[in-house]
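**Student:** predicted model and sequence below, questions to follow.
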Amino acid sequence: MDNSQNITAQILKKLATFNPTAQEELTGKIISIADGVALVSGLRDVAYLEMVEFPNNVQGVTINLEEDKVGVIVLGDYLTLKVGDEVKNTNKILSIPVSESLIGRVVDPLGTPIDGKGEIKYSKRYMIEKVAPGVVMRHPVNTSLATGIKAIDAMIPVGRGQRELICGDRGTGKTQIALDTIINQKEEKVICIYVAIGQKASRVAQVVEALEQYNAFDHTIVVAANASDPASLQYLAPYSGCAIGEYFMDQGKDALVVYDDLSKHAWAYRQISLILKRPSGREAYPGDVFYLHSRLLERACRLNQDQGGGSLTALPIIETQAGDLSAYIPTNVISITDGQIFLEPDLFYSGMRPAISVGASVSRVGGAAQIKAMKQVAGKLRLDLAQYRDLAAFAQFSADLDPATKAQIERGARMTELLKQPSYAPIQIELQVILIWVGTKGHLDDIPQDKIARFEKDFTDHLNTHGKKILKSIKDEKKLTDSVEEQLMKLVVNFKSSWIKS
């Protein structure tokens, strides 16, 4: 009896201190769900890109606001949901957690680690969708972001804060250019974000393994939305990667983000839009597919000193079909970016690696993104190679060529050989300058074309042994002085005389 009285007294005491409060909660119900997209009724005051909660701890984000229903993309296993399930709003706009701890990790578009290395400690959250910095907040793009690839750094330079498209058919080396650029940033203090969109998990694992093998994972973050993931995550992946890059840019650091690739991103968005019954246009894409990529790529920029002076460089990748640059998505992205690097299948299969088409590739920043030394040696290289390609095609139909044309074809053939480069072997900019100087000054004209690669390797070894002062001078002063050119001339002449004899 005493025990029951004690319990009663405790209940009465609790009731005396109980202060009921009313809590308003916006709820709705699923009226249809298919392929990771749900239509929900009842969420009257929900905001665009607001997070919502489904049963079983599944989250979603609103993407379509209509008068009597809301379109929600499901960020998880939509197969656990059914029509009639309750949906709650969260009053939180979609964001991703960010911190320095992300470096060296593989995460999904929501910031959840998927590499099995444990939890990540986050310091703050960044909005996944954000308005790009205005013109007055930006600084002109005039600082080089060296890729380590001779053909690009000499003819199609990329600057910090630039948006340079990499496009070409499947299997022509687009991802390889991006990976070589990431590997080349080891000494440049550039944080790299590689965004894999709609790729096989095995392919992403190969990329991570390659970055680890070449010691590039210490400054790299991988954001992966694999082919097996819902279209919703593939749609969000590039925006998440961009938000991570902005976190480092806002700290005054330089960041590089690679979107591999935006063709699959557009396919994922088309899938979502068709399920939401948005009006389809050309190639069944919705009418705002241009805005899809422009609002992403416009966020890449270099901030002025008042804003911290950081930069975010974007390398979007687009897959073309049979080299068709005039297709819908390629033309869209070309018109948004500051130039494109176009890879030709014919060049690739003929042994020209990287298979960069000189005629169809362009950098709209140009020499502003090059150091003075590179501008000095590579000024005419692009034009000379374009003329060489035309002359070589013409020479096939003509037996009689004047000596000047023959010399131009011979020089062009050797420069083409010099610009070949193996995978995972980026070259420091000062060494690139010397190698291109050797070619443009005619020092390769008397070397057989099939021995150019061996000459380059042997001369590079010789430079690293006997030309350290020359390399250091170009690296520090970023220009070729008369005294350096004299030293180079002596070095090349002496090396050639002994090399040819051997």
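**Tutor:** Structure received.
**Student:** only C-alpha atoms from now on, for both contacts and neighbour counts.
**Tutor:** Fine.
**Student:** secondary structure class for the most centrally placed residue in the chain?
**Tutor:** Centroid-nearest residue in the chain, with Cα atoms, centre = their mean: Val258, separated by 1.1 Å. Here Val258 is strand, with the state taken from DSSP: H, G, I helix; E, B strand; the rest coil.
**Student:** go ahead and confirm it touches Ile193.
**Tutor:** Yes - contact criterion Cα atoms under 8 Å: Val258 and Ile193 qualify, at 6.3 Å.
**Student:** got a list of what Lys277 touches?
**Tutor:** Contacts for Lys277 (Cα atoms under 8 Å, 6 or more residues apart in numbering) come out as none.
**Student:** which SS class is it?
**Tutor:** Per three-state DSSP, the secondary structure class of Lys277 is coil.
**Student:** ok, now Tyr126?
**Tutor:** What three-state DSSP gives for Tyr126 is strand.
**Student:** and if you look at Val223?
**Tutor:** Under three-state DSSP, Val223 comes out as strand.
**Student:** who's it bridged to?
**Tutor:** Val107, Val195 (DSSP bridges).
**Student:** relative to Asp306, how far out is it?
**Tutor:** 30 Å (Cα to Cα, to the nearest Å).
**Student:** need the strands for the stretch 351-500 of the chain, in chain order.
**Tutor:** For the stretch 351-500 of the chain, the strands defined by DSSP state E, counting those that start in this stretch occupy 362-363.
**Student:** any stretches of it with poor pLDDT?
**Tutor:** Within the stretch 351-500 of the chain, the ranges that satisfy pLDDT under 70 run 396-399.
**Student:** still on that earlier bit, more neighbours: which of Val223 and Asp306?
**Tutor:** Between Val223 and Asp306, counting by other Cα atoms under 10 Å, Val223 is the more crowded of the two (30 against 9).
**Student:** and the pLDDT for that one?
**Tutor:** What the model reports for Val223 is a pLDDT of 98.
**Student:** which ones are touching it?
**Tutor:** Applying Cα under 8 Å, 6+ apart, the residues near Val223 are 106-109, 193-196, 237, 240-241.
**Student:** 7 Å instead?
**Tutor:** 106-109, 194-196, 237, 241 (Cα atoms under 7 Å, 6 or more residues apart in numbering).
**Student:** if I look at it, how far off is Leu110?
**Tutor:** In terms of Cα to Cα, Val223 sits 9 Å off from Leu110.
**Student:** Leu463 too?
**Tutor:** Leu463 is 48 Å from Leu110, by Cα to Cα.
**Student:** list the buried ones in stretch 435-448?
**Tutor:** 435-440, 444-445 (16 or more other Cα atoms under 10 Å).
**Student:** could I get the CA-only coordinates of that stretch as CSV?
**Tutor:** Output of stretch 435-448 as CSV, limited to C-alpha atoms (Å, rounded to 0.1, in the frame of the first residue of the first chain):
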residue,chain,number,x,y,z
LEU,A,435,61.6,21.6,-73.8
ILE,A,436,59.4,23.8,-75.9
TRP,A,437,62.2,26.3,-76.3
VAL,A,438,64.5,23.5,-77.6
GLY,A,439,61.8,22.5,-80.2
THR,A,440,60.9,26.0,-81.4
LYS,A,441,64.5,27.1,-81.7
GLY,A,442,65.1,24.2,-84.2
HIS,A,443,67.4,22.1,-82.0
LEU,A,444,65.3,19.0,-82.8
ASP,A,445,65.3,19.5,-86.6
ASP,A,446,68.2,17.2,-87.1
ILE,A,447,67.0,14.5,-84.8
PRO,A,448,65.0,11.6,-86.3
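**Student:** ok so, going back, isn't the residue nearest to the centre of the chain right up against Thr313?
**Tutor:** No - between Val258 and Thr313 there is no contact under Cα atoms under 7 Å: 8.5 Å.
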